[in-house]
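A.B. asks: Sequence and predicted structure, then a few things I'm wondering about:
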There are 2 protein chains.
Amino acid sequence: MTERKKTNEPDTRTRIVEAALETLREEGFAGTTARAIAARGGFNQALIFYHFGSVAALLLEAFRATSEEQVAKYNAAAAEVGSLSDLVEIARRLHEEDLESGAVTVVTQLMAAAASDPDAGRAMLDRFEGWIGLVENALRGALASNPLAALVPVREAGYAICAMFLGIELMSRLDPERSEADQVFAMMSAMAQLAQELLPKVLPES
Amino acid sequence: MTERKKTNEPDTRTRIVEAALETLREEGFAGTTARAIAARGGFNQALIFYHFGSVAALLLEAFRATSEEQVAKYNAAAAEVGSLSDLVEIARRLHEEDLESGAVTVVTQLMAAAASDPDAGRAMLDRFEGWIGLVENALRGALASNPLAALVPVREAGYAICAMFLGIELMSRLDPERSEADQVFAMMSAMAQLAQELLPKVLPES
DNA sequence: GTCTATAGTCGGATAGAC
DNA sequence: GTCTATCCGACTATAGAC
């Protein structure tokens, strides 16, 4: 990795990665060309090939960077999860922040694009493992004081929750004004509340 | 609509729509060009523009066609749903059939592509309403004999289930060999079973 | 490391013959 | 309705000056 100077200016690689993410978010995968990225970031198109070799390699690196950043950010929050309600609340907050940052939108765009390229698909899945693990951890915390813990396979549930989150993001972006994500999170919050109240009555402590 | 001849040969519009869906499934959105569609279907590229005006218009029409077909097909099954377990089983079957047909993969590809085009996004969302309604109906059937019915808002739950399904499809396509969809459906089946056994004990009949 | 310029390819779309 | 031929713009990627 290149040394970071003590200036406020990010180095070129970082600027390129950030412009790539921004383009992916605003223009979608199909609109994320070397020219579009360079125009958005205000640098020369040829720099992308000098620094990353190809647009595809840049996008993979950009996904790695944003995944690491986001997972680190939410892992702290996940460690504090003590109930299903907490878990829903984190998900809600992540969604809300994504309306601005588009970090998850970037994931759905890259996943859809990688669906027809086995190598890219495998690479994406490897990197997405961090997200699933994040949810698994949060889920373990959420179930710690719940008799349901013995009955819910955390891996599968984490996978399913990630899937739902991606799907909500995909649908919400189609027409943000008609997004029903808020109501969905409210519903899940109510369900979590219900599960916490009712389950102890019917399940014995393990 | 053009009259259907009494031959086994589908008319040209149909052939084009089918080639477009096949291309979308095999090559992804980025690879779905007029030339690729024509090559796959064995017809002339110019026919796409003669019959549909543009590639984008063709894809929208293709989505309409496949959605209507799939929703009609599964609406019959949805009407028979009498429990949460039935609902999970339908979802599992749809997923299994999608491994072959790719009908849902097409939806995720078109949704991701439409994310950066507000007009296309709204059109996609309108047409996706049929899928949400399908799940809503199945859910009503699943909850009919369950005290949970009074507590679960069917619209939100239907939306969430659709989202999860799309997400599972998106993730599964990245590397079909590493797909965890089967385990996820098994987990949901167990949860449905559990809900059916336990909830009546703790919720009064409404 | 960053720039300009350009080669080479592929895409949407149309004109016009049949 | 279907074909051939083609225009033209946009793309990735590279060569080479600075």
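C.D. replies: Received it, and whenever you're ready, just let me know what you need.
A.B. asks: give me the number of residues near the one residue in chain A that gets nearest to DNA strand C?
C.D. replies: Relative to DNA strand C, the nearest point of chain A is A:Asn44 (2.9 Å; Cβ to the nearest atom of the strand). To be clear about C-beta, it is placed using only N, CA and C from the backbone, and glycine gets the same treatment. For A:Asn44, the count of nearby residues is 10 (other Cβ atoms under 10 Å in any protein chain shown).
A.B. asks: Correct me if wrong: it contacts A:Ala38.
C.D. replies: Yes - with contact defined as Cβ atoms under 8 Å, A:Asn44 and A:Ala38 form a contacting pair (6.1 Å).
A.B. asks: Contact residues of chain A facing DNA strand D?
C.D. replies: A:Gly31, A:Thr33, A:Ala34, A:Arg35, A:Ala36, A:Gln45, A:Ala46, A:Phe49, A:Gly53, A:Ser54, A:Val55, A:Ala56 (Cβ under 7 Å from any atom of the strand).
A.B. asks: what sits against A:Val106?
C.D. replies: A:Leu21, A:Leu24, A:Arg25, A:Ala62, A:Phe63, A:Thr66 (Cβ atoms under 8 Å, 6 or more residues apart in numbering or on different chains).
A.B. asks: What's the separation between it and chain B?
C.D. replies: 11 Å (Cβ to the nearest Cβ, to the nearest Å).
A.B. asks: Can you tell me the closest non-neighbouring residue to that residue?
C.D. replies: Spatial nearest neighbour of A:Val106, excluding adjacent residues (Cβ to Cβ, 6 or more residues apart in numbering or on different chains): A:Leu24 at 5.0 Å.
A.B. asks: Find the helix or strand that that neighbour is a member of.
C.D. replies: helix A:12-27 (DSSP states H and E).
A.B. asks: cool, and A:Glu156?
C.D. replies: helix A:154-174.
A.B. asks: Downstream of that helix, the next helix or strand is which one?
C.D. replies: Scanning onward from helix A:154-174 (DSSP H and E), the first element met is helix A:181-202.
A.B. asks: Could you quantify the relative orientation of that next one and helix B:181-202 as an angle?
C.D. replies: 60 degrees (axes from the mean of the first three to the mean of the last three Cα atoms, to 10 degrees).
A.B. asks: List the neighbours of helix A:181-202 that are in contact with it.
C.D. replies: Helix A:181-202 has contacts (Cβ under 8 Å, 6+ apart) with A:83-85, A:87-89, A:91-92, A:95, A:146-148, A:168, A:172, B:151-153, B:155-157, B:159-160, B:163, B:198-199, B:201-203.
A.B. asks: Any quick ChimeraX command for the buried ones out of the residues you listed?
C.D. replies: Of the contacts of helix A:181-202, the buried ones go into a single ChimeraX selection, burial set by 16 or more other Cβ atoms under 10 Å in any protein chain shown:
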select /A:83,84,85,87,88,89,91,92,95,146,148,168,172 /B:151,152,155,156,157,159,160,163,199,203
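A.B. asks: Might you report the residue contacts of the residue nearest to the spatial centre of chain A?
C.D. replies: The structure's chain A has its C-alpha centroid closest to A:Val104; by Cα atoms, centre = their mean the separation is 4.2 Å. Contacts for A:Val104 (Cβ under 8 Å, 6+ apart) come out as A:Leu94, A:His95, A:Asp98, A:Phe165, A:Leu166, A:Glu169.
A.B. asks: three-state assignment of it?
C.D. replies: Using DSSP: H, G, I helix; E, B strand; the rest coil, the secondary structure recorded for A:Val104 is helix.
A.B. asks: Kindly export the helix holding A:Leu24 (C-alpha atoms) in CSV.
C.D. replies: C-alpha atoms of helix A:12-27 as CSV (Å, rounded to 0.1, in the frame of the first residue of the first chain):
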residue,chain,number,x,y,z
THR,A,12,-5.4,9.2,-6.1
ARG,A,13,-6.3,5.6,-5.6
THR,A,14,-8.7,6.6,-2.9
ARG,A,15,-10.2,9.4,-5.0
ILE,A,16,-10.8,6.9,-7.8
VAL,A,17,-12.4,4.3,-5.5
GLU,A,18,-14.7,7.0,-4.1
ALA,A,19,-15.7,8.3,-7.5
ALA,A,20,-16.4,4.7,-8.6
LEU,A,21,-18.7,4.1,-5.7
GLU,A,22,-20.5,7.4,-6.3
THR,A,23,-21.0,6.6,-9.9
LEU,A,24,-22.3,3.1,-9.1
ARG,A,25,-24.8,4.6,-6.8
GLU,A,26,-26.0,7.4,-9.1
GLU,A,27,-25.7,5.8,-12.5
